[in-house]
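In: Just need the structure, nothing else, for what follows:
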Amino acid sequence: MDGKKKINRSKEQYAFSEIIKKAYEKGLNDRDLTVHKLLEDLEAELKNMMVS
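Out: This next block holds a predicted model:
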């Protein structure tokens, strides 16, 4: 794997980690959040990450 692909993969992994952390924190702090809504938000974030 060349350096540029390695950097892009690292950025994607970092972005994924940030999305998961954000969802976890939201789940801890938002009492009205349902599992369904959390999954919808995660799906939207992940789709957005793939487009970027």
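In: ranges for the helices of this protein?
Out: Listed in chain order, the helices of the chain (DSSP state H) span 3-29, 35-51.
In: now the ones you listed as TSV including mean neighbour count?
Out: From N, CA and C alone the C-beta is placed, and that goes for glycine too. As requested, the helices of the chain are exported to TSV (neighbours: other CB atoms under 10 Å):
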stretch	mean neighbour count
helix 3-29	11
helix 35-51	12
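In: Out of these, which gets the lowest mean score?
Out: Lowest mean pLDDT within those: helix 3-29, at a mean of 87.
In: Let me know the angle separating it from helix 35-51.
Out: On the basis of axes from the mean of the first three to the mean of the last three CA atoms, to 10 degrees, helix 3-29 is oriented at 160 degrees to helix 35-51.
In: Helix 3-29 packs against which elements?
Out: With contacts defined as 3 or more CB pairs under 8 Å, 6 or more residues apart in numbering; DSSP states H and E, the packing partners of helix 3-29 are helix 35-51.
In: Need phi/psi at residue 32.
Out: phi -90, psi 0 (degrees, to the nearest 10).
In: burial measure for it, as a count.
Out: Neighbour count of residue 32, defined by other CB atoms under 10 Å: 5.
In: which residues does it contact?
Out: Contact analysis of residue 32 by CB atoms under 8 Å, 6 or more residues apart in numbering lists nothing.
In: Tell me how far it lies from residue 38.
Out: Distance from residue 32 to residue 38, counting by CB to CB, to the nearest Å: 11 Å.
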